[in-house]
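Peer 1: Build the 3D model from these lines:
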Amino acid sequence: MSNFFAMLSRMKYINRWGLMNNTREENISEHSLEVALLAHALVTIANERFGANLSADRAAVMGIFHDAGEIITGDMPTPIKYYNEDIRTAYQQIERVSEQSLLSMLPEDLRTVYEPLVDSSKADMELLPYVKAADKLSALIKCICEIRMGNTEFAKAERTIRESLMNTELSALRVFMEEFLPSYELTLDELD
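Peer 2: Okay, the predicted model is just below:
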C-alpha cells in the first residue's frame with residue numbers, strides 16, 4: 001500500500017498566508033494549480049515570443065508539485081522563513097527531509113518519475129526559473145486580489161513581490177505582467 005497520493009490530497013488542508021488577515025483563505029492545492037497555469041503561460045510566452053524550446057507541459061506539472069513538501073511542514077510564513085541565514089538554511093533542510101519523506105511513500109518503480117517533481121534539488125533546471133517566477137506571480141495576484149477587496153494588509157507584500165518580479169530577468173515574465181496582470185485588478189463585469 002502506498003500513501004503518496006492520499007498525502008498529496010491533503011494539500012487542500014494547508015492554508016497559505018498564515019500571519020495575514022485574508023478576505024479569502026487560500027490553500028496550497030489552489031495555489032499549486034495557479035502556479036501550474038502561470039508556469040505553463042510563462043514557458044509558452046518564452047517559446048512563442050522569444051524562440052525558446054521548452055516544455056510548457058512539464059513546467060505545469062512542476063508547478064503542481066512545487067509545494068508538495070508543505071503537506072508535512074505546513075506553509076512557513078515568508079518573514080520567518082527568510083528571517084536570517086540560519087533559519088533559511090534550517091528550513092531548506094526541513095523541506096528536503098519532507099520531500100524525501102513523501103517520496104518514500106511511493107513504490108520504488110514510480111519514485112524516479114516523481115523525484116524530479118517533488119525533490120526541488122532534482123528539478124529541471126531550465127524550467128525551474130519559470131516555476132519560481134510563477135510562484136511569486138501567484139503571490140502577487142493574491143495580494144492584488146486582497147487589495148482590490150479593500151484589504152490593505154497585503155499592500156506592503158504587494159510592493160515587495162512586485163519589485164522582486166520586476167528585477168527578474170525573464171522576458172516572458174515581463175510580457176505577462178504587461179499584457180495579462182492588469183486584468184487581475186478588474187471586476188467580473190469588467191472582464192467581459
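
Peer 1: need the contact list for residue 39.
Peer 2: 56, 59, 60, 62, 63, 127, 130, 131, 133, 134 (C-beta atoms under 8 Å, 6 or more residues apart in numbering). (Glycine included, C-beta is placed from N, CA and C.)

Peer 1: Neighbour-wise, which one of these leads?
Peer 2: residue 130 (31 neighbours; other C-beta atoms under 10 Å).

Peer 1: In this structure it contacts residue 172, no?
Peer 2: Yes. With contact taken as C-beta atoms under 8 Å, residue 130 and residue 172 are classed as touching, separated by 7.2 Å.

Peer 1: Compute the number of surrounding residues for residue 121.
Peer 2: 10.

Peer 1: ok, and the closest non-adjacent residue to it?
Peer 2: The shortest distance from residue 121 to any non-neighbouring residue, by C-beta to C-beta, 6 or more residues apart in numbering, is to residue 96 (6.9 Å).

Peer 1: mind checking how far that neighbour is from residue 175?
Peer 2: 33 Å (C-beta to C-beta, to the nearest Å).

Peer 1: which one of the two has more residues nearby?
Peer 2: Between residue 96 and residue 175, counted using other C-beta under 10 Å, residue 175 has the larger neighbour count: 18 against 14.

Peer 1: Could you give the separation of stretch 177-191 from the chain centroid?
Peer 2: 20 Å (C-alpha atoms, centre = their mean, to the nearest Å).

Peer 1: Give the buried residues for it.
Peer 2: 177, 181 (16 or more other C-beta atoms under 10 Å).

Peer 1: what's the first-to-last distance across it?
Peer 2: 17 Å (C-alpha to C-alpha, to the nearest Å).

Peer 1: Now stretch 6-21: average pLDDT?
Peer 2: Mean per-residue pLDDT for stretch 6-21: 92.

Peer 1: How far off centre is it?
Peer 2: Distance, centroid of stretch 6-21 to centroid of chain: 13 Å (C-alpha atoms, centre = their mean).

Peer 1: With that, I have no additional questions.
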